[in-house]
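1. the sequence and its predicted three-dimensional model are supplied below.
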Amino acid sequence: MRLITLDDFKDTLLKGKQRGWDFILSKFTFQNNARTKSAFNSSAVISANWWEIPYVKKRWNKMMTNDEHQNYKQYLMETVLKDHSNLKLLSLGSGTCSHELELAQYKQFEAITCVDLSEYRISQAEKKAAQNNLQNISFVCSNIDNFSFKKEHYDVVLFNASLHHFRHVDTLLSEKIVPCLTSSGLLVINEYVGPNRLQFPKAQIQKINEGIQLLPKKFRRRYKSSLYKNSFSGSGLLRMIIADPSECVDSSSIMPSINKHFKVIIEKPYGGNILMNALKDISHHFIDLDDEKTKALDAIFEFEDEYLKHNPSDFVFGVYRKPEH
């Protein structure tokens, strides 16, 4: 565990420029929920992270579905849930519910329930549902501790980039998720499952730094800054807790706990071990591609693929069935 790193100072300065100093000041409170909410307020849409790069999304799709033009939701609906109907889905930590709003367009779903802590994100999702006249989706602004789980009620429980924000993952899955699923219910995840609090091992940090150097310097200027990204030292534990107490709080327990309580139907690792941190704050250079940028991304993709041959993936898409008793 690293208490403080050089990146802590760099990232704090950058966050002040990118998201405003009011955002930084919002972290100085003893209320954990308040700090978590501030991480997902309206300014959170302003960033330069790897998930914004269309070419990266195509890579994910290829690794998840074997088709760069088909995302995991389309794959789920066209394979696993193709012949189902009247499905009830629960999504926990749903954010702006973009994935759930996409799923609500499929006739297989009778009801989709989205639960999230952020009032802002829930309100944005409600507006989009109304604009698209989606009647089969509802929204609950709630802490998971206050949400009432209905026993054997849901056919699908979805965690999309949210399970790694929950404490005591094994207890959550065994005492909340398993009981609320129907006898043939499914757990679907699209998740970060790497080290807690992003405390990556030294060998991985070294490889991330090697990956950064594969990118031409002109594509390493940080978002809304004159500074260049030349190295990565990782996040200190202190900053992780101050910035968002829920971030990756028990992420390393996700895969062991799922394998303990569920049967694997589909499990597709899709990396991120190098790309997430190498491309952080410089992803804006790669939104629109030319030959040089494509070549640079292909090089770091290949570098990560080689790393994944010998190391477990930090991100996984999976579908799991409730065990029979």
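-> Received it, and whenever you're ready, just let me know what you need. Residues are numbered from 1 along each chain as shown.
2. which pLDDT value goes with residue 133?
-> Looking at residue 133, its pLDDT is 97.
3. what about residue 113, which SS state?
-> Of the three states, residue 113 takes strand according to DSSP: H, G, I helix; E, B strand; the rest coil.
4. backbone dihedrals for the residue lying closest to residue 56 once chain neighbours are set aside, both of them.
-> With CB to CB, 6 or more residues apart in numbering as the measure, residue 50 is the residue that lies nearest to residue 56, at 5.4 Å, once sequence neighbours are left out. All C-beta atoms are positioned from the backbone trio N, CA, C, and that covers glycine. Phi and psi for residue 50, reported as degrees, to the nearest 10, are phi -60, psi -30.
5. show me the contacts for residue 50.
-> Contact analysis of residue 50 by CB atoms under 8 Å, 6 or more residues apart in numbering lists 56, 272, 275, 276, 279, 280, 283.
6. just among those residues, which is most surrounded?
-> Counting neighbours by other CB atoms under 10 Å, residue 279 comes out on top of the contacts of residue 50 with 28 neighbours.
7. quick check: the closest residue to that one other than its chain neighbours vs residue 75, distance?
-> Nearest residue to residue 279, sequence neighbours excluded (CB to CB, 6+ apart): residue 50, at 4.2 Å. Using CB to CB, to the nearest Å, residue 50 is found at 21 Å from residue 75.
8. is it correct that residue 208 is in contact with residue 279?
-> No - shown here, residue 208 and residue 279 do not form a contact pair, counting by CB atoms under 8 Å, at 10.1 Å.
9. picking up where we left off before, strands - which of the contacts of residue 50 land there?
-> Residues of these located in strands (DSSP state E): none.
10. what's the most distant pair in these?
-> Using CB to CB, those span at most 12.9 Å, a distance reached by 272 and 283.
11. so which helix or strand takes in the nearest residue to residue 69 once chain neighbours are set aside?
-> Leaving aside its sequence neighbours, residue 69 sits nearest to residue 61 (CB to CB, 6+ apart; 6.7 Å). Using DSSP states H and E, residue 61 sits within helix 54-65.
12. in that helix, what counts as buried?
-> 55, 56, 59, 60, 61, 63, 64, 65 (16 or more other CB atoms under 10 Å).
13. so how far is residue 69 from the first one?
-> With the distance defined as CB to CB, residue 55 ends up 13 Å from residue 69.
14. which parts of the stretch 151-300 of the chain are strands?
-> Taking DSSP state E, counting those that start in this stretch to define them, one finds strands in the stretch 151-300 of the chain at 154-160, 181-192, 263-269.
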